[in-house]
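Trainee: Pasting a predicted model and its sequence here:
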Amino acid sequence: MTQQQIPPVVLVDGSSYLFRAFHALPPLTNSKNHPTGAIRGVISMLRRMDQDFPGSKIVVVFDAKGKTFRHDLYEDYKANRPRCRMTWPARSSQSTRSSEPWGYRC
């Protein structure tokens, strides 16, 4: 008797993916001159997850806006992170909307 492998549920730090994609890719825009580089990067990384974990459920989670428990635990949380040049909530909601047609839950 062989034991059937159950694919893992993959939790993705969407905020981290968005931050990485924004700083790694050139400033791409669509026909209306809206920035799309970070969104493209996030979708690309999620598609790679599909390849690396076939059959798995992939759940994308974004940080809540504002102060979190991490700030209480560690005073210097994000202290050395450069200020983000994009409108973060807008990009976060665009990532959510852009990833749902691909079947990702955000």
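Mentor: Thanks, I have it.

Trainee: Can you tell me how far the residue nearest the centre of the chain is from Asn33?
Mentor: Centroid-nearest residue in the chain, with Cα atoms, centre = their mean: Gly14, separated by 2.4 Å. To Asn33, Gly14 is 24 Å away according to Cβ to Cβ, to the nearest Å. Quick note: C-beta positions are derived from backbone N, CA and C, even for glycine.

Trainee: picking that back up, wait, isn't the residue nearest to the centre of the chain in contact with Ile58?
Mentor: No. Under the criterion of Cβ atoms under 8 Å, Gly14 makes no contact with Ile58, lying 10.6 Å away.

Trainee: residue ranges with poor pLDDT in the protein?
Mentor: Residues of the chain that meet the criterion pLDDT under 70 lie in 1-3, 81-106.

Trainee: The longest helix anywhere in it: which residues count as buried?
Mentor: Assignment by DSSP state H gives helix 37-52 as the longest helix of the chain. By neighbour count with 16 or more other Cβ atoms under 10 Å, helix 37-52 contains the buried residues Gly37, Ala38, Ile39, Gly41, Val42, Ile43, Met45, Leu46, Met49.

Trainee: Out of these, which is nearest to Asp76?
Mentor: Ala38 (25.4 Å; Cβ to Cβ).

Trainee: which residues touch Arg40?
Mentor: Shown here is Arg40, whose contacts under the criterion Cβ atoms under 8 Å, 6 or more residues apart in numbering are Ala21, Leu25, Leu28.
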